[in-house]
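A.B. asks: Let me see the structure of the following:
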Amino acid sequence: MTVEIEIAYQGGLRCRAVHGPSGTTLLTDAPVDNCGRGESFSPTDLVATALGACMLTIMGIVAERHGIDLSGATVRVEKHMAAAPRRRIAALPVTIQVPGPIGEEDRRRLEYAARTCPVHASLGETIERPIRFVWGG
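C.D. replies: Purely as a prediction, here's the structure:
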């Protein structure tokens, strides 16, 4: 499947992206620590966002398939940048919290789903991606 995303430079280190299939738009802005205003997601913020959203989405697919209640589940991704030898994402630590009671077998299913999401699989080995699961409470 191919999806086209059109991106246009708006000036002032801001870009406007349009999702071809839906027409949904979003803006990106360079972060304050890289000459921008930081008024929206930066391109590297979107990588972190994609990782967390992908993990939770794939977990959701597995949950629906197995009748697991994922109500209230959240993902927090921290983006750590490296400056040398060039500016890049160095680490994306992820914390996934699932508040409901989940049995051991379903936990294994959900953890496997998160660890094998397409974005996680697409990120290079130079980006650290530790995942911590918090179950219950």
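A.B. asks: CA only for contacts and neighbour counts going forward, please
C.D. replies: OK.
A.B. asks: wait, what's in contact with P43?
C.D. replies: 28-30 (CA atoms under 8 Å, 6 or more residues apart in numbering).
A.B. asks: please redo it, this time with the cut-off set to 6 Å
C.D. replies: Shown in contact with P43 (CA atoms under 6 Å, 6 or more residues apart in numbering): no residues.
A.B. asks: roughly how far apart are it and H19?
C.D. replies: Going from P43 to H19 by CA to CA, to the nearest Å gives 15 Å.
A.B. asks: Next, the buried residues of whatever helix or strand V119 lives in.
C.D. replies: Element membership for V119, per DSSP states H and E: helix 118-122. By 16 or more other CA atoms under 10 Å, the buried positions in helix 118-122 come out as 119-120.
A.B. asks: For that helix, which outside residues touch it?
C.D. replies: L51.
A.B. asks: Direction included, what does the very next helix or strand once past that helix pair against?
C.D. replies: Later in the chain than helix 118-122, the nearest helix or strand by DSSP H and E is strand 131-135. Here strand 131-135 is paired, per DSSP bridges, with strand 94-98 (parallel).
A.B. asks: what does the partner strand contact?
C.D. replies: 73-77, 131-136.
A.B. asks: Please repeat the previous calculation with a cut-off of 10 Å.
C.D. replies: 48, 51-52, 55-56, 69-79, 107, 110-111, 114, 129-137 (CA atoms under 10 Å, 6 or more residues apart in numbering).
A.B. asks: and what of stretch 58-65?
C.D. replies: Residues contacting stretch 58-65 (CA under 10 Å, 6+ apart): 53-54, 56-57, 66-71, 73, 106, 109-118.
A.B. asks: Check stretch 103-110 too.
C.D. replies: 55-56, 58-63, 66-68, 70, 98, 101-102, 112-114, 116, 133, 135.
A.B. asks: before we move on, back to that, return a PyMOL selection command for the buried portion of the contacts of stretch 58-65.
C.D. replies: Filtering the contacts of stretch 58-65 down to the buried ones (16+ other CA under 10 Å) takes a single PyMOL command:
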select buried, resi 53+54+56+68+70+73+110+111+113+114+115+116+117
